[in-house]
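> Please find the sequence and the predicted model below.
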Amino acid sequence: MPQIANFKRFFSANPSVPPFLSLKPYLSPLLFRHRNHLKPPFPLTVLSSSAGRPRKTYPPPPPWSRSNSTLREANTREKSMEEAEPVRFNKRRVEGRDKNDKPKKDLQLKVRKLNPVNTISYVQILGTGMDTQDTSSSVLLFFDQQRFIFNAGEGLQRFCTEHKIKLSKIDHIFLSRVCSETAGGLPGLLLTLAGMGDEGMSVNIWGPSDLKYLLDAMRLFIPNAAMVHTHSFRAAPGADGVALADLGKFAEPIVLVNNEVIKISAILLQPGCSEVPQLMREDSSMLTIEEKKDNFLKSPLLNSQDPNTKDPPVIKPGDISVVYVCELPEIKGKFDPAKASALGLKAGPKYRELQLGHSVMSDRQNIMVHPSDVLGPSVPGPIVLLVDCPTLSHLQELLSTQSLGIFYVDALDHNLDTVKSVNCIIHLSPSSVTVTPEYQNWMKRFGGAQHIMAGHEIKKLEIPVLKSSARITARLNYLCPQFFPAPGFWSLQHQKNSIPEYITSCEGSVQKACESVSAENLLKFYLRPYAQLGLDRSSIPSLLTPTEVVGELLSEIPEIEIAAEQVGQFWQGYQKPENVIVPRPDDEVMIEEPWMKWNTSTPDIYSGKGAGEAKEEIQHIHNASIDESKHESYIPDCLENITREDMEVVLLGTGSSQPSKYRNVSSIYINLFSKGSLLFDCGEGTLGQLKRRFGVKGADDAVRSLRCVWISHIHADHHTGLARILALRRELLKEVPHEPLLVIGPKQLKRFLGAYQKLEDLDMQFLDCRHTIESSWNAFNDKLKSNSNELPPRSPICNDEKGGQSVMTIETTLFARGNRMQSYWKGPDSSGDTGMGFQILMKLKKVLDEAELEALISVPVVHCPQAFGLMLKAKERTNSVGKRIPGWKLVYSGDTRPCPELIDASLGATVLIHEATFEDGMVEEAIAKNHSTTKEAIEVGTSAGAYRIILTHFSQRYPKIPIFDESHMHKTCIAFDMMSINIADLPLLPKVLPYIKLLFKNEMMFGESDEAVCQASGE
């Protein structure tokens, strides 16, 4: 068994330190009080990403004494020491140099052969956010040889994987607004496209604001940056905003795409002045639409010629929205071969040219034959509008725009022959806008067009869009509702009946006046062939209810009913009053664990063939649970008199790399209840996961309560959901006094958030993780004690001989000066950053005090440049008799190889959440990517004496449950999305794992992510 503790010595910056010196002198008294559970040292080998050549290996020293908390026998430990394998890692990846190993690509846009005559075409609702209201729904415009996507909100890539929507022919992505709601899924989508085939795909991205800010920031974590071609059809202003009155020149439609099969144009909408909503409220029912437009245009704030008028309001680029007009070419009339023959044409290629609209020379006569000579009457091509009118201020601009006049059937200044008939209008506008009388009357102006209302509709809450993950969650909820609560959209079904009456009445009036339907997931509107023009509901998924899922489960695994009863008995016995904690002389505590003596007799619910086997399997699982209980029968002091209102860990995303059908990417919500909450990592779709866990209103409360967000490193699966969280929090708190949310992350993250900040206000304050490492906290505390007027350091500093500031060498960190393990020291901070960091640390200290937390310390780990883990410790408590109880300690690894800094931080941890990307047999893959295997992660926790270990960040090659060795799991549990672990339930955590494995006993272990990529690219 590889031993982990010696890993630290390889990183010592002092070459004089003996290789086998005890690690105890290096430990900080701020973090660690004792080191009873540390494992013996082990050899370490560093690998290059290209050659894989081992370097110097140190032999292990004699084994240290161990406490009896481990299950390993002495002879097994000695044998493991003799056969210990070195823990290796990819140094080039840690230094950020592995990107140079890949050749740079200059991908060109693909030229596709389009067929305007015989083609299938439709628009389809991709219902991202339809059940959670966390993001804008996307729309797919489909052609045989080309695809167009409108809006790419968070979860789009996961949605396409779930519903087998192929991404291989997407050439264009259009954004109706450039903000986190509509563009949050771009990173994940682009990463998927970049990985298709040998060279990846190239794509155009269109938006009403300058996308350069955003895409430039994405280059930090998206490979093949040349694949993205951005097109902004309104140039960005020099400042952060543009005056409202300056946008009049963008009133005309802007043609974006015009080829043989489609013409796509954009009509810009900007929000009106602050007085516009008031104008709309002033007895608007008594005014005609033309009068309302006149009132809006006469608004003094829009009259820039009036010298007494105030400066026009300034809007940010993300406030501009778009109406997209999609026009298919006209359908040519039926070809008449008799007329063609009469005009001297021979059957052959010229017939095809005429059908395509090209004139040809007659074969037998000296005349030119035109298409109108041989074709019947043409049918106008279908027209689709996509309307995004996000606010009432935008509505007035929509009502007044003249670019849509050619589509109004009631326009007095147009002949009916010149009016273009719109076939379908997809409304992305929220219901707060679409239910107003002004909007309803505007809809009527399009005559018989089919209206699809795709804005957020609260009545769709009970329908999960991601059915695969919802089914897994419902099964886990049946087995163990304590760790797997019911999903929020199923527990809030009553809200569909709480829609205000004026909304329902308005919707009814609209449906009576024009063809209007509520959007449903995967609803289609066919455009070609013309005979199928209209709605198609054949692809809409069937409804899914918890009752149906449980019925399927009981039919598939009948013994799960007894298993659920046994799991429930754990809590019934554990919560009895007689189960009290008794202190022990060795500072451990014992508890009479009820499941060790529980009567295993259960009602005979089986009959017929197979009943005996099912009972035997359940009995075996229960006996295994009892055996695990005997292995470890202590409870740490910090759990004495703990309540359910102290802390809860909610695992929102437990997968790695990219979202899959069953697991979202990394995110952990730490619920401190009345003291607020924290968020560790925030992968794409985190807000949607919050809403699936807590419901729409509950998730809003969770976002309001956030005290800070901590991001481990810059990889996309750990932070691309952050902008959406920040934007929602700003919106929720805009009417109440509040402070910007504190975001702690690697320095590169600041650039990405800064790009979003130019588009929409994120209302946040950034703090570099380097300011929160242990040495920086020590310097900060020294500064507070000294009351010095000097600027505080970003880390421990000393004055050099020239009177300047230089960084002090820190032997115990990967960031030691001159060490190329990180790119920490390659570029100096911007001027003034040091002082700003001190001020933000003051704010962080205040946040921690208010949340009754003692410390939040970032820990450098071995993964990529500026990668961190985290240690969070609660303050001491005092019980009713005045005894001081130590605070709990939670450690999160982020992404890492086993490393000494993390072991040090995890000493005596109450909970260690450690990544376990790969199974034990994939060590080489783990080394190449600088991740950990399941066994390595458990050994880190065992070495540090962690009470409970939660494994997460699994490779998506394990669709539902990872592969693990049960012999290592006596204090460990496998994480699942939506799993909620209350600190009061930690003693029961490992006991549930055997039953969870029973739940997945029929599942095959295959690589779903590889299959999804093949489906996306193979057509």
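Sure thing, it's come through. Quick caveat, the model's predicted, so the values are computed rather than measured.
> In three-state terms, how would the closest residue to Ile463 other than its chain neighbours be classified?
Among residues not flanking Ile463 along the chain, Asp131 sits closest, at 5.7 Å (CB to CB, 6 or more residues apart in numbering). No exception for glycine: its C-beta is placed from N, CA and C like everyone else's. Under DSSP: H, G, I helix; E, B strand; the rest coil, Asp131 falls in the coil class.
> need the strands for the stretch 201-350 of the chain, in chain order.
All strands of the stretch 201-350 of the chain, identified by DSSP state E, counting those that start in this stretch, fall at 203-207, 228-232, 242-243, 254-258, 263-269, 314-315, 321-327.
> Gly882: which of those is closest?
Across these, Gly882 has its closest neighbour in strand 314-315 (59.2 Å, CB to CB).
> so what's the residue nearest to His358 when sequence neighbours are not counted up against?
Once flanking residues are discounted, His358 sits nearest to Pro371: 7.2 Å by CB to CB, 6+ apart. Contact analysis of Pro371 by CB atoms under 8 Å, 6 or more residues apart in numbering lists 332, 354-355, 357-359.
> how does it look with 10 Å?
For Pro371, the contact set (CB atoms under 10 Å, 6 or more residues apart in numbering) comprises 332-333, 335, 353-360, 378.
> same question, Glu154
128-129, 132, 134-136, 180-188, 659, 664, 683-689, 720-721, 723-724.
> just Tyr122 next, same as before
140-143, 382, 384, 424, 523-528, 532-533, 535-536, 539.
> With Thr917 instead?
With the criterion set at CB under 10 Å, 6+ apart, Thr917 makes contact with 655-657, 895-896, 925-926, 929-934, 937, 951-958, 962.
> Only the buried subset of those, as a PyMOL command please.
Buried residues within those, by 16 or more other CB atoms under 10 Å, are selected in PyMOL with:
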select buried, resi 655+656+657+895+896+926+929+930+931+932+933+934+937+951+952+953+954+955+956+957+958+962
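> what about the helices in the stretch 301-450 of the chain?
For the stretch 301-450 of the chain, the helices defined by DSSP state H, counting those that start in this stretch occupy 337-342, 349-355, 371-374, 392-400, 431-434, 437-444.
> Out of the contacts of Thr917, which sit inside helices?
925-926, 929, 934, 937 (DSSP state H).
> In TSV, list those along with pLDDT.
Conversion of these to TSV gives the following (pLDDT from 0 to 100):
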residue	pLDDT
Glu925	93
Ala926	94
Lys929	93
Thr934	94
Ala937	95
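> Out of the residues you listed, the closest to Tyr756 would be?
Nearest to Tyr756 among these, with distances taken as CB to CB, is Lys929, at 27.9 Å.
> Wait, that closest one touches Arg93, no?
Yes. With contact defined as CB atoms under 10 Å, Lys929 counts as touching Arg93 (7.2 Å).
> for the helices of the stretch 301-450 of the chain, which one ends up most surrounded?
helix 392-400 (a mean of 22; mean count of other CB atoms under 10 Å).
> Which strands or helices does that helix pack on?
If you count contacts as 3 or more CB pairs under 10 Å, 6 or more residues apart in numbering; DSSP states H and E, helix 392-400 packs onto strand 263-269, helix 276-281, helix 289-297, strand 321-327, helix 431-434, helix 437-444.
> Each with direction, which strands does the first one pair with?
Pairing partners of strand 263-269, with direction, according to DSSP bridges: strand 254-258 (antiparallel), strand 321-327 (antiparallel).
> Correct me if wrong, but Cys973 is in a strand.
Yes. Checked against three-state DSSP, Cys973 lies within a strand.
> List the beta-bridge partners for it.
Here Cys973, judged by DSSP bridges, has bridge partners Ile950.
> of all the ones in helices among the contacts of Thr917, which comes closest to Leu476?
Of the ones in helices among the contacts of Thr917, the one sitting nearest to Leu476 (CB to CB) turns out to be Thr934, at 19.7 Å.
> Now stretch 745-754: buried residues?
Going by 16+ other CB under 10 Å, stretch 745-754 has these buried residues: 745-750, 752-753.
> and if you look at stretch 657-675?
Quick answer for stretch 657-675 (16+ other CB under 10 Å): 657-672, 675.
> can you tell me which of the residues you listed are in strands?
667-671 (DSSP state E).
> I'd like the residues you listed written out as JSON lines, with distance to Asp171 added.
Output for these, formatted as JSON lines (distance: CB to CB, whole Å):
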{"residue": "Ser667", "distance to Asp171": "32"}
{"residue": "Ile668", "distance to Asp171": "37"}
{"residue": "Tyr669", "distance to Asp171": "38"}
{"residue": "Ile670", "distance to Asp171": "42"}
{"residue": "Asn671", "distance to Asp171": "43"}
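> would JSON lines of the strands paired with strand 263-269 with mean pLDDT and distance to Met227 be doable?
Shown next, in JSON lines, are the strands paired with strand 263-269 (pLDDT from 0 to 100; distance: least, CB to CB, whole Å):
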{"stretch": "strand 254-258", "mean pLDDT": "93", "distance to Met227": "18"}
{"stretch": "strand 321-327", "mean pLDDT": "96", "distance to Met227": "23"}
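> got TSV for the ones you listed, with distance to Lys997 too?
What follows is these, written out as TSV (distance: least, CB to CB, whole Å):
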stretch	distance to Lys997
strand 254-258	52
strand 321-327	49
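> Out of the ones you listed, which gets nearest to Lys164?
Nearest to Lys164, of these and by CB to CB, is strand 321-327 at 24.3 Å.
> Strands along the stretch 651-800 of the chain, start to end?
Using DSSP E, counting those that start in this stretch, the strands of the stretch 651-800 of the chain run over 667-671, 677-682, 706-710, 741-745, 764-768, 797-799.
> The ones you listed: lowest mean pLDDT?
Ranked by mean pLDDT, those end with strand 797-799 at the bottom, a mean of 38.
> returning to that earlier point: out of the strands paired with strand 263-269, deepest packed?
strand 321-327 (a mean of 24).
> Out of the strands of the stretch 201-350 of the chain, flag the one nearest Lys467.
Lys467 lies closest, by CB to CB, to one member of the strands of the stretch 201-350 of the chain: strand 203-207, at 27.8 Å.
> The closest one pairs with which strands, and in what direction?
Sheet partners assigned to strand 203-207 using DSSP bridges are listed as strand 170-174 (parallel), strand 228-232 (parallel).
> CA-only coordinates of it in CSV, if you can.
What follows is strand 203-207, C-alpha atoms only, in CSV (Å, rounded to 0.1, in the frame of the first residue of the first chain):
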residue,chain,number,x,y,z
VAL,A,203,-18.1,27.7,-34.8
ASN,A,204,-19.4,31.2,-35.3
ILE,A,205,-20.9,33.0,-32.2
TRP,A,206,-23.2,36.0,-32.8
GLY,A,207,-24.4,38.5,-30.2
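> Let's test this: mean pLDDT of that strand, rounded?
For strand 203-207, the per-residue pLDDT averages 91.
> hmm, back to that, out of the ones in helices among the contacts of Thr917, which is nearest to Leu993?
Using CB to CB, the ones in helices among the contacts of Thr917 come closest to Leu993 at Thr934, 12.4 Å.
> From what I see, that closest one and Ser967 are in contact.
No. Look at Thr934 against Ser967 with CB under 10 Å: they stay out of range, at 11.4 Å.
> and Gln133, how many neighbours does it have?
21 (other CB atoms under 10 Å).
> Give me the pLDDT for it.
83.
> Check whether it really touches Val696, as I assumed.
Yes. Using CB under 10 Å, Gln133 is in contact with Val696, at 5.6 Å.
> So for Arg729, what's the nearest residue that isn't a sequence neighbour?
Counting by CB to CB, 6+ apart, the residue nearest Arg729 is Val703, at 5.0 Å.
> Next up, the contacts around that neighbour.
677, 679, 687, 690-691, 694, 724-733, 741.
> And Asp977, by the same measure?
So Asp977 contacts 466, 469, 472-473, 476, 484, 650-655, 659, 662-665, 667, 689, 692-693, 952 (CB under 10 Å, 6+ apart).
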